[in-house]
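1. Mind folding the following:
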Amino acid sequence: MTTHAEQITAWIDSHFDEEVAFLQKVVQQPTDTPPGNNAPHADLVAQLLQAYGWQAEKHAVPAAQVEAYGMQSITNLIVRRPYAAGGPTVALNAHGDVVPPGDNWTYPPYGGQIDDGYIYGRATAVSKGDFATYVFAARALEALGIPLKGQLELHFTYDEEFGGLLGPGWLLEQQLTKPDFVIAAGFSYGIVTAHNACLQLEITVHGKSGHGSMPETGHDALQAANKILNAIYGQLPELKKIKSAVAGIDSPTMLVGRIDGGTNTNVVPGKVVMKMDRRMIPEEDPVAVEAQVRALIEDAVRGEPGIRLEIRRLLLSHALRPLPGSEQLVGSLQKNAQAILGETIPAVGTPLYADARLYGERGIPAVLYGAGPRTVPESNAKKADERLALDDLRKASKIVALTLLDFLAQK
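-> Presented below is the predicted three-dimensional model:
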């Protein structure tokens, strides 16, 4: 390593207890989405950053827009660190909103408890852990005291679980930022350069309630919904035949994740609401897929007496694909990971979808990289006892800091 690289890694080592304490505070402030009251967390993060002499711009999304979206409050943060002219703007993006903890935890879901080399809590791995990765990587870079060029931005956003449209999407739409490169939250042992697209639909089946002793007086919305379920799941064998050429991505998937309906045990269900998710591989056309799925649903109940459908799009996200410039991010991250981890980390795709696509849609090269294990299941992300190995946090912070040095140091 060069002297500057050695100084960066030494600074992170000497400040690592502080980094862990920072992450604990970030984890201990709940951000369950839904309901999505996330402005208080942004206020906390902005306050924590003031201790480092950093001013976080607070960009509150208008309340009416947030409520129509199904959340309660969103305040996105941008921290700008401008240096000398002549360099790129590099943005680091992590999201603070999380799925609710659910059951079966053996550690407090918002405790940030340390045990046997791990920190436990909702979003320790995805993606509050990278609030810490990125803040301390940036601090380590600036602690060098060397001439830098360009600008570093930290984007902390709060609606990834709802699709990101009022997070990075809103910041970009409002022309509050337009970086040249983006690193978004990911895991330590792989760089994600592509991810799936996603279609989410809400399907409302309207029938007519009737007394349970005389079901013929009603039109059973649940029976109609069952036909739709059979049509959706009957397509899965065909989807398995479709294969992506992107390493790390296999086939499209489709499922119904939530069903609500009926009024009581002895009443013919007059209304059923289903929410479905269709993941698309990068090679698929999202517009064509949505048309196909809508036709599948409509055909399943066509001609059913007394049945009426409403199909509402909840989300249509596009895939992340490598753009010119992505190879510079990949090359730097792989070089620095080799130095820190002692291994070559792959650049692959993932079947997940993330906020990074919103930068890519605007022509900004973006990859996912941050603190975490080799696979999502290892982290318990979105499950009980989500956790992050502290050693992975330390190493990822060093790798990101060294990558920032590659991009922003004056040569």
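2. Just give the nearest non-adjacent residue to residue 164, would you?
-> Distances taken as C-beta to C-beta, 6 or more residues apart in numbering put residue 355 closest to residue 164, at 4.1 Å, once the chain neighbours are dropped. For glycine as for every other residue, the C-beta is placed from the backbone atoms N, C-alpha and C.
3. Mind pulling the model confidence for that neighbour?
-> At residue 355, the model reports a pLDDT of 90.
4. That one: how many residues sit nearby?
-> By other C-beta atoms under 10 Å, 27 other residues sit near residue 355.
5. Show me what the biggest strand by length in the chain packs onto, helices and strands only.
-> Longest strand in the chain by number of residues (criterion: DSSP state E): strand 84-95. The helices and strands touching strand 84-95, judged by 3 or more C-beta pairs under 8 Å, 6 or more residues apart in numbering; DSSP states H and E, are helix 129-143, strand 149-157, strand 181-184, helix 356-360, helix 390-408.
6. check contacts around the residue nearest to residue 164.
-> Applying C-beta atoms under 8 Å, 6 or more residues apart in numbering, one finds that residue 355 lies in contact with 93, 95, 157, 160, 164, 167, 168, 169, 184.
7. So it versus residue 378, what's the distance?
-> Residue 355 is 22 Å from residue 378, where distance means C-beta to C-beta, to the nearest Å.
8. Distance of the residue positioned nearest the centre of the chain relative to residue 206?
-> Closest residue to the average C-alpha location of the chain: residue 354 at 4.1 Å, with C-alpha atoms, centre = their mean. For residue 354, the distance to residue 206 equals 35 Å [C-beta to C-beta].
9. and if you look at residue 256?
-> Taken as C-beta to C-beta, the span from residue 256 to residue 206 is 17 Å.
10. got it, and residue 302?
-> 15 Å.
11. These two: who's more crowded?
-> Legend: neighbour count by other C-beta under 10 Å for residue 302 and residue 206, higher for residue 206 (16 against 11).
12. What residues are bridge-paired with the more buried one?
-> Taking DSSP bridges as the rule, residue 206 bridges to residue 271, residue 308.
13. follow-up on the earlier one: select, out of the helices and strands packed on strand 84-95, the one closest to residue 281.
-> Taking C-beta to C-beta, helix 356-360 is the member of the helices and strands packed on strand 84-95 nearest to residue 281, at 13.5 Å.
14. which other helices and strands contact the closest one?
-> With contacts defined as 3+ C-beta pairs under 8 Å, 6+ apart, helix 356-360 has these neighbours: strand 84-95, helix 168-173, strand 181-184, strand 191-195, strand 366-368.
15. right, so of these, which gets closest to residue 76?
-> The nearest among these, by C-beta to C-beta, is helix 168-173 at 5.7 Å.
16. Please state the offset of the closest one from the chain centre?
-> 15 Å (C-alpha atoms, centre = their mean, to the nearest Å).
17. before we move on, back to that, rebuild the contacts of residue 355 as CSV, extending it with neighbour count and distance to residue 42.
-> Shown next, in CSV, are those (neighbours: other C-beta atoms under 10 Å; distance: C-beta to C-beta, whole Å):
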residue, neighbour count, distance to residue 42
93, 31, 14
95, 29, 11
157, 30, 9
160, 25, 14
164, 26, 15
167, 27, 11
168, 30, 14
169, 20, 17
184, 31, 18
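18. Out of those, give me the two with the largest separation.
-> So, these by C-beta to C-beta: farthest apart are 169 and 184, at 12.9 Å.
19. Next up, the contacts around residue 100.
-> By C-beta under 8 Å, 6+ apart, the contact list for residue 100 reads 32, 33, 34.
20. That'll do, ta.
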